[in-house]
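In: model this:
(one chain, ligands or ions: 1)
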Amino acid sequence: MDHAATTPVDARVLEAMAPYFSEKYGNASSLHSHGREAKSALEDSRATVAGFLGADPGEIVFTAGGTESNNHALKGVAFANRERGRHIITSPIEHDCVRKSAEWLATQGFEVSVLPVDEHGLVDPAELESIITDDTILVSVMAANNEIGTIQDIPALAGIAHGHGAYFHTDAVQAYGKVPISLSGVDLLSASSHKLYGPKGVGMLFVRRGTRITPLMHGGGHELGRRSGTENVAGIVGFAKATEIASQEMKSEAGRQAKLRDRLIKGILGIPDSALNGHPTKRLPNNVNVWFRYIEGESLVLMLDDAGVGGSTGSACSSHSLEPSHVLTAIGLRPEEAHGSLRLSLGKQNTDAHADRVLDVLPGIVDKLRRMSPLKSRRDVEEMLKYEEAH
Ligand SMILES: *Cc1c(COP(=O)(O)O)cnc(C)c1O
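Out: Predicted coordinates for the structure are as follows:
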């Protein structure tokens, strides 16, 4: 139940990719038949991805994944438009590859503003309206959050950006293939294959025709000059196959997973001193995120793992830093609350039996950890002292 981190490659995807490693290994830039074969697979893949989004094939740039796509969108637009303005707006719950790109741009003469979010992680379009200026060149707000699953009102935010002559970018890595995406008002959109039962290390950036953007990779002029480097044809074919499968299965899978999600949320919230993180309804169909008072998320994840359940937490060590999740603190959780969070992200393989297993083992694990918890004991001591004072 950690599909927001990554997903297994679908057997049909693997089958579609296989020939492009061996028999059909041509370089898509070569003129001979091997090259043309690779080129036509590349362009078929581009048409599939474009068709899924309702874009033009010429607006799809294949990249090495979500991180590259987001870096390219922010840095590429910033540098191509710096004569027009220096102001960039983003949100506090973005993936690190957007946040760190924006932070780096702030060291390069750009000015970065971070929009507030409410307790569910929603950006209020009125807030964007109030901080956007004529100097704003780019607004970047993610379509759906990877930790808490909150889905933003992208058309409303994009409309405001356009009203002020700014480009609008959205990190749709978690939304792509899971919920319908509208390109209305969107100039740039990022997606990644491995979050969608495709291979790792491949993704794409939608760049609306006419958008001014500087490449990150300079070289032989691949991808219409936007991203040089011999194309990862096998990976791109796999990404396109994963997209095609998602376009057929998205609706039924979203419905099935949302039912599983709601059953899990309802069952988990039956545990005392727990609460839901993220929006109750504007939420990815596969995302469950809860917090438990007096719990350290890392221990919880490890004990769940022992019980055969793979989850994740916004707690400190798992994120390789000592800070708790920036997403959970942005929605107003205190650090000790953020440390007690658990994310379960569902996928195609998850069944009712898996949900039963979680609901079976989780209450006991939470109870056991609370008995050992220094936070809990401190509260007990405080209550005892209060009781003694009162009597
Ligand atoms: C996974 C993820 C990324 C990074 O994508 P990679 O392909 O792993 O580099 C970016 N944004 C979000 C929201 C993600 O979930």
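In: I'd assumed residue 344 was in contact with residue 264.
Out: Yes - between residue 264 and residue 344 there is a contact under C-beta atoms under 8 Å: 6.3 Å. From N, CA and C alone the C-beta is placed, and that goes for glycine too.
In: between those two, who's got more neighbours?
Out: Set residue 264 next to residue 344 and count neighbours by other C-beta atoms under 10 Å: residue 344 wins out with 28 against 22.
In: are we agreed that the more buried one is in a helix?
Out: No - counting by DSSP: H, G, I helix; E, B strand; the rest coil, residue 344 is located in no helix; its state is strand.
In: check what pLDDT it gets.
Out: pLDDT for residue 344: 98.
In: now do the strands in the chain.
Out: With DSSP state E applied, the chain shows strands at 60-63, 87-90, 111-114, 136-140, 167-171, 188-192, 203-207, 274-276, 287-292, 341-345, listed in chain order.
In: before we move on, back to that, hey, what's in contact with both of residue 264 and residue 344?
Out: Taking C-beta atoms under 8 Å, 6 or more residues apart in numbering as the contact rule, residue 264 and residue 344 both touch 288, 358.
In: to residue 258, which of the strands of the chain lies closest?
Out: Among those, strand 287-292 comes nearest to residue 258, with 9.8 Å by C-beta to C-beta.
In: need the contact partners of that closest one.
Out: Among residues not part of strand 287-292, those counted as contacts by C-beta under 8 Å, 6+ apart are 1, 4, 147-149, 261, 264-265, 268-269, 271, 273-278, 300, 328, 333, 337-338, 340-346, 366, 370.
In: can you select the buried ones from those in PyMOL?
Out: PyMOL command restricting the contacts of strand 287-292 to the buried ones, with burial defined by 16 or more other C-beta atoms under 10 Å:
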select buried, resi 1+4+147+148+149+261+264+265+268+271+274+276+277+278+300+328+333+337+338+340+341+342+343+344+345+346+366+370
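In: of the contacts of strand 287-292, which belong to helices?
Out: Per DSSP state H, helices hold the following members of the contacts of strand 287-292: 261, 264-265, 268, 300, 328, 337-338, 366, 370.
In: show me which of those residues is closest to the ligand.
Out: Nearest to the ligand among the ones in helices among the contacts of strand 287-292: residue 328, at 15.1 Å, using C-beta to the nearest ligand atom.
In: nearest residue to residue 240 other than its sequence neighbours?
Out: residue 45 (3.5 Å; C-beta to C-beta, 6 or more residues apart in numbering).
In: quick check, pLDDT for that neighbour.
Out: Residue 45 carries a pLDDT value of 98.
In: got the contact list for it?
Out: Shown in contact with residue 45 (C-beta under 8 Å, 6+ apart): 62, 236-237, 239-240.
In: follow-up on the earlier one: now the ones in helices among the contacts of strand 287-292 as JSON lines including pLDDT and distance to residue 226?
Out: As requested, the ones in helices among the contacts of strand 287-292 are arranged in JSON lines below (pLDDT from 0 to 100; distance: C-beta to C-beta, whole Å):
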{"residue": "261", "pLDDT": "98", "distance to residue 226": "37"}
{"residue": "264", "pLDDT": "98", "distance to residue 226": "41"}
{"residue": "265", "pLDDT": "98", "distance to residue 226": "41"}
{"residue": "268", "pLDDT": "98", "distance to residue 226": "44"}
{"residue": "300", "pLDDT": "95", "distance to residue 226": "43"}
{"residue": "328", "pLDDT": "95", "distance to residue 226": "35"}
{"residue": "337", "pLDDT": "88", "distance to residue 226": "43"}
{"residue": "338", "pLDDT": "90", "distance to residue 226": "38"}
{"residue": "366", "pLDDT": "97", "distance to residue 226": "49"}
{"residue": "370", "pLDDT": "93", "distance to residue 226": "53"}
